[in-house]
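K.L.:
got a sequence here, can you build the structure:
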Amino acid sequence: MDLIETLMYLCDRGLLSQVMEILKPVVGLYQDILALGLLQASTQTAQKASMQLRREFLSALLPTFLGNHPNSTIILHHAWHAQVKHILIAVNL
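P.N.:
Numbering: from 1, shown residues only. You can find the predicted model right below:
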């Protein structure tokens, strides 16, 4: 969680494209861990750039868990109960 929140902090400090490049390889390898991290990360100090990061990656990741993924139940449970409703609306869930 600390790593995800640090990356989101860096996004809000003008490094959005660099953080997105760092996370691109993670999408293919650790989809469930990245999705959980983005869903559970603190939104209290989130700004526009970090919210864009969440939208971009969650919109790509969450459809994977609507299929036959081994961790679908856990991810969708956290997505359903997430306090970041505007992200889920943006992802069209």
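K.L.:
so the spatially most central residue of the chain is in which element?
P.N.:
Nearest to the geometric centre of the chain sits Leu38, at 3.1 Å (C-alpha atoms, centre = their mean). Using DSSP states H and E, Leu38 sits in helix 31-40.
K.L.:
buried ones in that helix, by neighbour count?
P.N.:
Neighbour-count burial for helix 31-40 flags Gln31, Asp32, Leu34, Ala35, Leu36, Gly37, Leu38, Leu39 (criterion: 16 or more other C-beta atoms under 10 Å). Every C-beta, even on glycine, is put in place using the N, C-alpha and C of the backbone.
K.L.:
packing partners for it?
P.N.:
Counting contacts by 3 or more C-beta pairs under 8 Å, 6 or more residues apart in numbering; DSSP states H and E, helix 31-40 packs against helix 2-10, helix 16-29, helix 48-61, helix 72-81.
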